[in-house]
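Novice: I would like to see how this sequence folds:
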Amino acid sequence: MRSNQKETREEKPEEKKKPNMLWAAAKGAIGALTLLVASGSMYTVDQTEQAVVTQFGRPVRVIINPVDSHDRDKKVGELKARYAKDRISCSVGAGLRFKIPIIHSVDKQERRLLRWNGFPEQIPTKDKKYIWVDTTARWYIEDPLQYSRSVGTEQQAQAKLDDVVDATTRNSITKRDLIEIVRTDNRPMAVATEELRETTKVGEISEGREKIVQEVTAFSRDACKEYGMGIFESGVLIKGLVYVQGVKNSVEKRMVEERLQIAKKYTSEGNGEYKRIMGDKERELKTIASGAYKEAQLIKGQADAEATRIFAVGFREKDEKTGQQITYKGLGSNPEFYRFWKTLQLYEESLGGKTRLILGMDNPLMQFMKGQNASADYTAKAASQPVEAVK
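Specialist: Numbers count the residues shown, from 1 in each chain. Have a look, this model is predicted:
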């Protein structure tokens with residue numbers, strides 16, 4: 001009996017510990033559940049995010065965080081007024097927020113600017129010129145609630161932009177000539193040389209690319225509002241504008257022909273300048289030759305006159321041995337000798353080369369050859385000797 005009582009007494013402390021352990025476990029479970037509920041009732045919206053809170057799929061709160069722009073406050077006011085009509089609360093800015101666990105769900109969205117790059121598209125212009133047009137733009141989520149209802153994901157938003165911007169760009173380009181798309185104003189074309197200015201004449205534009213880009217941006221913004229998206233202030237940009245291969249080949253061919261035409265012009269001008277220089281050269285050579293011939297004939301005439309005078313009158317020279325001045329009479333003092341000398345000179349000039357003459361016995365030449373003109377020979381000897389000596 002005593003042993004049983006002792007065992008009973010020993011079991012009592014253990015029985016007391018069991019409720020305490022159960023209570024501690026319950027408190028732990030309650031704490032964990034409380035922590036879980038507390039953590040599920042809080043969420044954070046980052047500076048780069050916006051959020052839409054839904055209750056069983058129905059939106060009840062929107063946290064907006066618009067991009068910085070000149071009309072940021074205006075957009076915030078419009079969104080608040082729009083949400084108020086639908087009885088949806090609206091908060092602005094990032095920070096710690098609260099929700100009902102399990103009942104509320106949070107759909108976070110991008111607040112920063114996103115880039116859209118379109119696919120290069122072949123578009124015909126009004127004047128039937130085919131070009132490749134490549135566009136780009138920066139966009140953002142302007143209305144988180146509308147974006148969540150109509151688009152939902154960034155991939156779907158990119159697809160919507162493909163449809164909207166590409167269609168708007170095509171409509172704007174197909175109703176205008178190529179020059180309106182290429183040029184922005186009517187400034188003079190820049191050319192490497194002035195000769196190329198004639199081949200780069202272009203018509204004047206009435207609108208230009210800048211107005212076309214503004215038109216594409218305006219239409220795209222209006223269309224994107226349906227999906228809760230906005231196009232940033234920089235608008236839609238045309239980053240690539242290239243001729244299709246067929247048009248490119250024809251343009252290059254025309255450019256080559258224009259350069260060849262300019263080359264021919266240079267060649268023609270060079271040939272004309274060459275002929276002018278050669279003409280001036282020939283004229284100058286003839287002038288020089290004519291002057292030289294005139295001068296030579298004048299000198300020759302003077303020499304012939306002096307020689308004739310000497311032959312006719314005579315001359316004087318100084319004897320190197322004696323130092324005396326010797327005077328020689330000219331041919332004018334002996335007409336017979338002069339006739340003889342001129343006759344021989346005439347025969348010498350006329351009988352040169354392979355000339356053959358048939359002469360009669362009574363010809364004066366035959367008389368000279370036969371020695372029948374001794375007086376002339378004597379006269380020639382007398383004329384060659386000095387007739388007077390002067391000391």
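
Novice: contacts and neighbour counts: CA atoms only from here.
Specialist: Will do.

Novice: Show me where this protein has its helices.
Specialist: For the chain, the helices defined by DSSP state H cover 2-40, 72-85, 144-150, 154-174, 178-182, 209-224, 245-313, 335-350, 364-370, 374-383.

Novice: Ile64: which of those is closest?
Specialist: Of all the helices of the chain, helix 144-150 sits nearest to Ile64, with 7.1 Å by C-alpha to C-alpha.

Novice: so where's the stretch 51-200 of the chain shaky on pLDDT?
Specialist: Where the stretch 51-200 of the chain drops to pLDDT under 70, the residues are 189-200.

Novice: mind redoing it with 80?
Specialist: For the stretch 51-200 of the chain, the stretches with pLDDT under 80 are 186-200.

Novice: what's around the closest residue in space to Thr135 that isn't next to it in sequence, how many residues?
Specialist: Of all residues not flanking Thr135 in the chain, Ile238 sits nearest, at 4.4 Å (C-alpha to C-alpha, 6 or more residues apart in numbering). Using other C-alpha atoms under 10 Å, Ile238 has 18 neighbouring residues.

Novice: Could you pull up the residues touching Ile238?
Specialist: Ile238 makes contact with 133-136, 213, according to C-alpha atoms under 8 Å, 6 or more residues apart in numbering.

Novice: now it: how far from Ile131?
Specialist: 12 Å (C-alpha to C-alpha, to the nearest Å).

Novice: cool, and Pro124?
Specialist: Plainly put, Pro124 is 6 Å away from Ile131 if you go by C-alpha to C-alpha.

Novice: Tell me which of those two has more neighbours.
Specialist: Ranked by neighbour count (other C-alpha under 10 Å), Pro124 and Ile131 place Ile131 first, with 23 against 20.

Novice: dump the residue contacts of that one.
Specialist: Going by C-alpha under 8 Å, 6+ apart, the list of residues near Ile131 reads 122-125, 241-244.

Novice: do Gly279 as well
Specialist: Contacts of Gly279 by C-alpha under 8 Å, 6+ apart: none found.

Novice: Quick check: the gap between it and Tyr293.
Specialist: 21 Å.

Novice: Just the CA trace of the biggest strand by length in the chain, in CSV.
Specialist: Ranked by residue count and defined by DSSP state E, the top strand of the chain is strand 130-141. What follows is strand 130-141, C-alpha atoms only, in CSV (Å, rounded to 0.1, in the frame of the first residue of the first chain):
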residue,chain,number,x,y,z
TYR,A,130,9.5,51.6,-101.2
ILE,A,131,11.5,52.2,-98.0
TRP,A,132,12.3,50.2,-94.8
VAL,A,133,11.1,52.1,-91.7
ASP,A,134,12.4,51.2,-88.2
THR,A,135,10.7,53.0,-85.3
THR,A,136,11.3,53.0,-81.5
ALA,A,137,9.6,54.6,-78.5
ARG,A,138,9.7,54.8,-74.7
TRP,A,139,6.5,54.0,-72.9
TYR,A,140,5.2,53.6,-69.4
ILE,A,141,2.1,52.4,-67.5
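
Novice: Pairing partners for that strand, with directions?
Specialist: With DSSP bridges as the test, strand 130-141 is paired with strand 114-117 (antiparallel), strand 121-124 (antiparallel), strand 229-231 (antiparallel), strand 237-243 (antiparallel).

Novice: what's around Asn65, how many residues?
Specialist: Around Asn65 there are 26 residues (other C-alpha under 10 Å).

Novice: I'd assumed Ala94 was in contact with it.
Specialist: Yes: using C-alpha atoms under 8 Å, Asn65 is in contact with Ala94, at 7.0 Å.
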